[in-house]
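[1] prediction below, plus the sequence it came from.
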Amino acid sequence: MSEYFLEVFMDKDWKKKLERFEFDFREEFIAWPDNTESGVPFNDQVSSFRYCLPTGWKVQLHKDRNANSKHKSWEGTGSIQKVNQDQIGWNDTLSAHKWVKL
Ligand SMILES: [Ca+2]
């Protein structure tokens, strides 16, 4: 596993992890599936997330599965950051993420 990642959770307080995405220093848009591999609903379910990115990169969380959809960004700090539902401002609507170089 990479030291840099995004982990998304179904519950607001970082419980019920849906998926872990490894970061590999590439800009990439990743649309989330309807369900996890084990069949748990995934799309439009995320209520909190954790991430760790190096400085100079950010992760965008998108409302829809296209790169032009509304999104919010969180910048890398080199340490693990925890973001809850209130900080996201959107609940049960996220559908994709994108790694972006600043
Ligand atoms: Ca959505």
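    Sure, I can see it.

[2] surely Glu75 and Gln60 touch.
    No: the pair Glu75 / Gln60 is not scored as a contact, 10.4 Å apart, by Cβ atoms under 8 Å. Just so you know, the C-beta spots here come from the backbone N, C-alpha and C atoms, and that holds for glycine as well.

[3] so for the two, which sits in the more crowded spot?
    When Glu75 and Gln60 are compared for neighbours, Gln60 comes out ahead with 17 against 14, by other Cβ atoms under 10 Å.

[4] pairing partners for the more buried one in the sheet, please.
    For Gln60, the beta-bridge partners under DSSP bridges are Ser73, Lys98.

[5] thought it was touching Lys98?
    Yes: between Gln60 and Lys98 there is a contact under Cβ under 8 Å: 4.4 Å.

[6] quick one: low-confidence residue ranges for the chain.
    Flagging of the chain using pLDDT under 70 yields the residue ranges 1.

[7] next, count neighbours for the residue in it positioned nearest to the ion.
    Nearest residue of the chain to the ion (Cβ to the ion) works out as Ser95 at 3.5 Å. By the measure other Cβ under 10 Å, the count of residues near Ser95 is 20.

[8] correct me, but it touches Lys70?
    No: assessed by Cβ under 8 Å, Ser95 is found out of contact with Lys70, at 10.3 Å.

[9] what do these two both touch?
    The overlap between the contact sets of Ser95 and Lys70 (Cβ atoms under 8 Å, 6 or more residues apart in numbering) consists of His62, Lys63, Asp64.

[10] pull out the buried members of those residues.
    Among the shared contacts of Ser95 and Lys70, those buried by neighbour count (16 or more other Cβ atoms under 10 Å) are His62, Asp64.

[11] sounds good, over and out.
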